[in-house]
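> dropping a prediction and its sequence here:
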Amino acid sequence: MSRRRPRIPPRRPIYLGCEGASEYGYGALLDRLAREAGTVHLHIHREILQPGAGDPLALVQRAAERIADIERRRTPFAAKAVLIDRGSRRKNADAVGYARQNGIGHVIWQDPDHEGFLLRHLPGCRRRRPPRGASLPALRQQWPGYDKGMSAQELARRIGLEHIRAVCTVENDLRAFLEALGLIP
């Protein structure tokens, strides 16, 4: 008599539009941590949205175009998000409105940029919000080996699931996205 292997549920496809290579690496880290946790079966499809020149609306428009193109050829995404830097108040509002109109459920704002966002992942830095232009030096002070565009493997040396869960106490957009995925309770 042969034994049946347990059925593994298919991975839910998740879309994460990334402003640049650094965000792409962070998205790969989230995908890796989800697989390691073993509690959720998903795959985070990551894409760099440049060119977009740091304009939140242009980046969200590019994400909506890419999502539509991909979904024409494959299974629809179970969740859709973009990970981008804050811009002007007007551009941010326009970006959120456009995201909603196009089914992108999560705009994860990095304040003021990706390095400031990453800084808050580190122990003792949860409440730090350096101004634009000061976040990279502040991050490198806490993480001397940090370089822009690090891979998931390099990020994982300093950031684990416990850091992601802890930063969600101050990063509401990230928390909402990860709750929707089931990665955090």
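Here it is on my side, so go on. Numbers count the residues shown, from 1 in each chain.
> now stretch 45-55: mean pLDDT?
Here stretch 45-55 scores 83 as its mean pLDDT.
> now swap in stretch 125-144 and tell me
This predicted structure assigns stretch 125-144 an average pLDDT of 96.
> in it, what counts as buried?
Neighbour-count burial for stretch 125-144, counted by 16 or more other CB atoms under 10 Å, picks out 125, 130, 135-136, 138-139, 142-143. The way it works is simple: take the backbone N, C-alpha and C, and place the C-beta from them, glycine included.
> go on, stretch 81-91?
Buried residues in stretch 81-91 (16+ other CB under 10 Å): 81-87, 91.
> now go through the buried residues of stretch 125-144 and say which are in helices.
135-136, 138-139, 142 (DSSP state H).
> any idea how far the host helix or strand of Ile14 is from the chain center?
In this assignment (DSSP states H and E), Ile14 forms part of strand 12-18. Chain-centre distance of strand 12-18: 9 Å, with CA atoms, centre = their mean, to the nearest Å.
> beyond that strand, next helix or strand please.
Per DSSP H and E, the helix or strand that comes after strand 12-18 is helix 21-37.
> mind checking the pLDDT average for that next one?
Rounded mean pLDDT across helix 21-37 is 94.
> same check, this time on stretch 78-95
For stretch 78-95, mean pLDDT is 95.
> alpha carbons of that stretch, as CSV, please.
Output in CSV follows, covering the C-alpha atoms of stretch 78-95 (Å, rounded to 0.1, in the frame of the first residue of the first chain):
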residue,chain,number,x,y,z
ALA,A,78,-4.1,37.8,-3.9
ALA,A,79,-2.7,41.1,-2.6
LYS,A,80,-1.0,44.1,-4.2
ALA,A,81,1.4,46.6,-2.7
VAL,A,82,4.0,49.2,-3.4
LEU,A,83,7.0,50.0,-1.2
ILE,A,84,8.0,53.7,-1.9
ASP,A,85,9.4,56.8,-0.4
ARG,A,86,7.2,59.6,0.7
GLY,A,87,6.9,62.5,-1.6
SER,A,88,5.0,65.8,-1.4
ARG,A,89,1.7,65.7,0.4
ARG,A,90,-0.2,66.2,-2.9
LYS,A,91,1.8,63.5,-4.8
ASN,A,92,1.2,61.1,-1.8
ALA,A,93,-2.5,61.7,-1.8
ASP,A,94,-2.7,61.3,-5.6
ALA,A,95,-0.7,58.1,-5.4
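> from Pro131, how far out is the closest residue to Ala152 other than its chain neighbours?
Once flanking residues are discounted, Ala152 sits nearest to Ala28: 3.6 Å by CB to CB, 6 or more residues apart in numbering. Distance, Ala28 to Pro131, using CB to CB, to the nearest Å: 28 Å.
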